[in-house]
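Novice: Quick one, structure for this:
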Amino acid sequence: MPEQLMISLRRSPRKLLERDGHPGPGPGHLALVLARAGVGKTAFLVGIGIDALLAGQRVLHISLENTVDHVRDFYDDILLEMLSRDKKLEHRSAVQLAVDRRRHIHTYVGGSFSMGRLRQAFELLKDVMHFEPDVILFDDIDVDGEEQIDAAKVESIKAIAAEFGAELWMTCQTHRDDPVEPGHLPPPASELESLADLAFRLDSHGAKVRLHVLKDHQQMLDKDTHILLDPRTLLLTVGLGGG
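Specialist: As a prediction, the model looks like this:
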């Protein structure tokens, strides 16, 4: 599979975040993706994963709510949409094989998640399967199934990512009626403000989804990126102009 073809398929907002030769938050850093229920946090995260895979990186996707088959179907559907949009369906088998080889999916449904089990999974990947991820996707960070986020657990997950030199993306559900203190992330993500290197918010915008930047390393802001995303795939559609 020609590398140039893989690169040409990239449609994730992560492609637009490239800085110093690296997209996203960078190794050992955390990007939070915030949205209300139903806006498309999981689809956005899968798009980030596909973007990394197309760029030749290795991806570990962790889900607390969906089965492995369900997550895999997400990847397959979005990848099919990308190939169809670019009229590259004849390359589907080759592209599918290339990305499948660089991706692992771990799920912890029914409250089965624990830091111990996560650590064991990483050791198995490294020592037995010789797989060390470049990008770790965690959907979502409510690891206790409660409204209050355990920042210590998130800090531990971030530390594991740093051990592997991997960047970490996490989704977090926000709620319409929660008050937001100016200059801070909305709750419950506010509990993780000091841990997040980047933070984004997904907002419904008519028939599209709009991407806002809430934190860029040490700077807190609420910047409209003027980027619209397809509400089904959360892939780039069109920029609105502006900075």
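Novice: neighbours of residue 124, just the number please.
Specialist: Burial of residue 124 is recorded as 13 neighbouring residues (other CB atoms under 10 Å). For glycine as for every other residue, the C-beta is placed from the backbone atoms N, C-alpha and C.
Novice: oh, I was asking about residue 176
Specialist: Neighbours around residue 176, by other CB under 10 Å: 6.
Novice: Low-confidence stretches in the chain?
Specialist: 1-4, 15-23, 142-148, 238-243 (pLDDT under 70).
Novice: need the contact list for the residue minimising distance to the centre of it.
Specialist: Geometric centre of the chain, nearest residue: residue 45, 3.2 Å, by CA atoms, centre = their mean. The neighbours of residue 45, taking CB atoms under 8 Å, 6 or more residues apart in numbering as the test, are 33, 61, 137, 139, 169, 171.
Novice: now do 10 Å
Specialist: 12, 33, 61-63, 71, 74, 137-140, 169-171, 234 (CB atoms under 10 Å, 6 or more residues apart in numbering).
Novice: Helices along this structure, start to end?
Specialist: Ranges of helices in the chain, per DSSP state H, are 3-8, 41-54, 68-85, 92-101, 115-127, 151-164.
Novice: Quickly compare those and say which is most buried.
Specialist: Of all the helices of the chain, helix 41-54 carries the top mean neighbour count, a mean of 25, counting by mean count of other CB atoms under 10 Å.
Novice: can you state the direction angle for that helix and helix 68-85?
Specialist: 70 degrees (axes from the mean of the first three to the mean of the last three CA atoms, to 10 degrees).
Novice: Only alpha carbons, please: show helix 41-54 as PDB.
Specialist: Output of helix 41-54 as PDB, limited to C-alpha atoms (Å, rounded to 0.1, in the frame of the first residue of the first chain):
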ATOM      1  CA  LYS A  41     -17.500  11.700  21.200                       C
ATOM      2  CA  THR A  42     -16.800   8.100  20.300                       C
ATOM      3  CA  ALA A  43     -16.900   8.700  16.500                       C
ATOM      4  CA  PHE A  44     -14.500  11.600  17.000                       C
ATOM      5  CA  LEU A  45     -12.200   9.400  19.000                       C
ATOM      6  CA  VAL A  46     -12.300   6.700  16.200                       C
ATOM      7  CA  GLY A  47     -11.500   9.300  13.700                       C
ATOM      8  CA  ILE A  48      -8.400  10.300  15.700                       C
ATOM      9  CA  GLY A  49      -7.500   6.600  15.800                       C
ATOM     10  CA  ILE A  50      -7.900   6.200  12.000                       C
ATOM     11  CA  ASP A  51      -5.900   9.300  11.400                       C
ATOM     12  CA  ALA A  52      -3.000   7.900  13.500                       C
ATOM     13  CA  LEU A  53      -3.200   4.500  11.700                       C
ATOM     14  CA  LEU A  54      -3.100   6.100   8.300                       C
END
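Novice: Taking their axis directions, it and helix 92-101 sit at what angle?
Specialist: Using the same axes, to 10 degrees: helix 41-54 against helix 92-101 is 100 degrees.
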